[in-house]
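S.K.: just a sequence and a predicted model for now, questions to come.
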Amino acid sequence: MSSQKKLLGTASQFNVYWDSTAGQAVIQPGVAYTGNKEAEPTAEVTKEFTPEQQALAEDFVSMVEEYNVIINKINENAELLGDEELVNAMNELTEAINKADEYFTSPESLTPEVMSAL
């Protein structure tokens, strides 16, 4: 019997899409990432994200997507999944990414200090 663990994926807490009418990226907090306008927000947004916050969110989404590709490749490789140290390290990284993702739920949480740390 195998005691292999699977790596955890990340779960984005916001949607980002390009609004061609407005000519800018739009961030929708409180919904899963789809990359399309169709996602319905579950939380009311009272303040808009700044262009700098939007750019950081777009970079973060790209990083998460690339990370999830790596996670999927590792999950498909039994030998790598057998490496407990690797799996534990990757799961810790996933937890850190999910924690960082929480900063993108509102413009108020993306303070200059948080943005420079990310």
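M.R.: Structure received. What you see is a predicted model, and the numbers here were worked out from it, not measured in a lab.
S.K.: so what does the helix or strand hosting residue 67 touch, helix or strand wise?
M.R.: Secondary structure from DSSP states H and E places residue 67 in helix 51-75. Using 3 or more CB pairs under 8 Å, 6 or more residues apart in numbering; DSSP states H and E as the contact test, the elements touching helix 51-75 are strand 14-19, strand 24-29, helix 78-81, helix 84-101, helix 112-117. From N, CA and C alone the C-beta is placed, and that goes for glycine too.
S.K.: looking at these, which is closest to residue 69?
M.R.: helix 84-101 (12.9 Å; CB to CB).
S.K.: the closest one vs helix 51-75, what angle?
M.R.: Using axes from the mean of the first three to the mean of the last three CA atoms, to 10 degrees, the inter-axis angle of helix 84-101 relative to helix 51-75 is 160 degrees.
S.K.: remind me what helix 84-101 packs against, helices and strands.
M.R.: Helix 84-101 sits against helix 51-75, with contacts defined as 3+ CB pairs under 8 Å, 6+ apart.
S.K.: just the buried positions in the helix it packs on, please.
M.R.: Across helix 51-75, burial judged by 16 or more other CB atoms under 10 Å covers 53, 54, 56, 57, 60, 61, 64, 67, 68, 71, 74, 75.
S.K.: any idea how far it is from the chain center?
M.R.: Centroid displacement of helix 51-75 relative to its chain, using CA atoms, centre = their mean, to the nearest Å, is 6 Å.
S.K.: pLDDT wise, what is residue 101 at?
M.R.: Here, the pLDDT recorded for residue 101 equals 88.
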